[in-house]
Structures are given as structure tokens and as C-alpha cells.
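Predicted coordinates and the sequence they were generated for:
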Amino acid sequence: MVSPALLGMFGLGATETLIVALILALSAFWIWMLVDCAIRISGGDSKKVGWLIAIALTHWVGALAYFFFGRRSSAPTHT
């Protein structure tokens, strides 16, 4: 349980703190999926470039779709 003094320090209630935490978590997930997709692009693979554009333009919705559907299609490429 988070102490009320800690929440009050920033002028946020429990609901606002939860919303901020959720936004930060979704943004971190989005960045993780962008980096993961960029690493997996091999030789300008148009499918992965499409995923990269979709993730970048749709934020966490595209990142979630990529996590469940696009990520499995290939292993990371190491050069």
C-alpha cells in the first residue's frame, strides 16, 4: 500500500497515480516493441517494416498486436 503522504506530495490521489503508472508502463512496452521490431528487421524485410510503421503510428495498440502476432514470425537477426 502506498502511503497517503507520498501520494499527496505530488498532489495526486490513488486514481491519478494508477493512471500515471499505467501510462508509463504502456509507453515502456511501446518502446520495447519498437526496439524489438527494429532489431528483427533483416535486410529491409517489408513485413517487419510494416510492423514498425504500425507500432510507431498506433502506439500501444500496435505494440500489443505485434507482441501477439508479429513477434513469433521470426527470430532476431544478428549480423
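Nice, I can see it.

Only C-alpha atoms from now on, for both contacts and neighbour counts.
Will do.

Pull the residues that contact stretch 41-59.
For stretch 41-59, the external contacting residues (Cα atoms under 8 Å, 6 or more residues apart in numbering) are 27, 30, 33-34, 37-38, 40, 61-63, 66, 70, 76-77.

mind listing which of those residues are in helices?
27, 30, 33, 34, 37, 38, 40, 61, 62, 63 (DSSP state H).

and these as a markdown table, adding distance to residue 48, pLDDT and neighbour count?
Below are the ones in helices among the contacts of stretch 41-59 laid out as a markdown table (distance: Cα to Cα, whole Å; pLDDT from 0 to 100; neighbours: other Cα atoms under 10 Å):
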| residue | distance to residue 48 | pLDDT | neighbour count |
| --- | --- | --- | --- |
| 27 | 20 | 95 | 15 |
| 30 | 16 | 96 | 23 |
| 33 | 12 | 94 | 25 |
| 34 | 11 | 94 | 21 |
| 37 | 7 | 90 | 23 |
| 38 | 8 | 88 | 15 |
| 40 | 8 | 83 | 18 |
| 61 | 16 | 94 | 15 |
| 62 | 13 | 94 | 20 |
| 63 | 13 | 94 | 28 |
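
Of all residues in this structure, which one is nearest the centre?
Centroid-nearest residue in the chain, with Cα atoms, centre = their mean: residue 30, separated by 1.6 Å.

contacting residues for that residue?
Per Cα under 8 Å, 6+ apart, neighbours of residue 30: 55, 59, 60, 63.

ok, it to residue 14 distance?
Using Cα to Cα, to the nearest Å, we find residue 30 at a distance of 24 Å from residue 14.

Over to residue 22?
12 Å.

Tell me where this protein is predicted with low confidence.
For the chain, applying pLDDT under 70 flags the ranges 1-10, 42-44, 73-79.

so how far is the first residue of stretch 34-45 from its last?
Using Cα to Cα, one end of stretch 34-45 lies 15 Å from the other.
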